[in-house]
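> What follows is a protein structure lacking sequence information:
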């Protein structure tokens, strides 16, 4: 039975597991994960629109990474396979990555949920009312005070620039390969390599694009294999991680992040 990776702040805890709502085209989907059984249910929260595919789930087997960075690989293999739902709403992936800039995971989750409940669309589900990330159109029309009142003054110009760029380029962006999407996002005002890579990874589940040098990967690698002498900086950790991971960079990075992202309340 795989573990569910829920590092995305759209996942909320329920009495029996976790739940999330997600856009795919014109359809809104309701996802529920039952922790006891490991069953993921994906169903339209409203009538599904023709041609809108449901969210896709990738299951990453840790066996290929078992011998990497031993004993890290051994610890990842012992934890078992990880299921991760691709974010089929590219705008949500971009906006969420922006909200995660320069803050802790806990702060990003709190801000994300406040932003969604204040300005996002309500969705009635069997688990109660849930909220989508505010659409790009909604973000583009928000006043300065709307952001500032939520403590998001710093994110205001970035989210506005990204919303405008997304609305102008979305039909092109959704067709890009992950690396091409990173390059396109880097051209948006104040969207740097971390934000672009995190958004592309969320959208595609290709974690070779994720900023694997960052503190979160280092933290969970050290937590899973504390006996290894891990480099302490982005500049020293990144090249080592990339070199040792080889063809398994995406799997190794995702599985390592899942050590924290599969426990919603325990991120660094």
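Noted; the coordinates are in hand. For clarity, every value in this text was computed on a predicted model and none was experimentally measured.
> So which residues of the stretch 51-200 of the chain form strands?
57-60, 82-85, 122-125, 128-131 (DSSP state E, counting those that start in this stretch).
> Figure out which of those is closest to residue 239.
strand 57-60 (23.1 Å; Cβ to Cβ). C-beta: built from backbone N, CA, C; applies to glycine.
> Tell me which other helices or strands the closest one touches.
Counting contacts by 3 or more Cβ pairs under 8 Å, 6 or more residues apart in numbering; DSSP states H and E, strand 57-60 packs against strand 82-85, helix 249-261.
> which of those is buried the deepest?
Compared across those, helix 249-261 shows the largest average neighbour count, a mean of 25 (mean count of other Cβ atoms under 10 Å).
> neighbouring contacts of that one?
3, 5-7, 60-62, 64-65, 68-69, 72-73, 75-76, 79, 82, 84, 105, 205-208, 210, 212, 216-217, 219-221, 223-224, 241-242, 245, 266-268 (Cβ atoms under 8 Å, 6 or more residues apart in numbering).
> Give me the buried entries from these.
With burial judged by 16 or more other Cβ atoms under 10 Å, the buried subset of those is 3, 5-7, 60, 62, 65, 68-69, 72-73, 75-76, 79, 82, 84, 105, 205-208, 210, 212, 216-217, 219-221, 224, 241, 245, 267.
> Could you dump the helices and strands packed on strand 57-60 into a markdown table and include distance to residue 156?
Shown next, in a markdown table, are these (distance: least, Cβ to Cβ, whole Å):
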| stretch | distance to residue 156 |
| --- | --- |
| strand 82-85 | 29 |
| helix 249-261 | 27 |
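> Which one of these has the poorest average confidence?
Ranked on mean pLDDT, the bottom entry among the helices and strands packed on strand 57-60 is helix 249-261, at a mean of 91.
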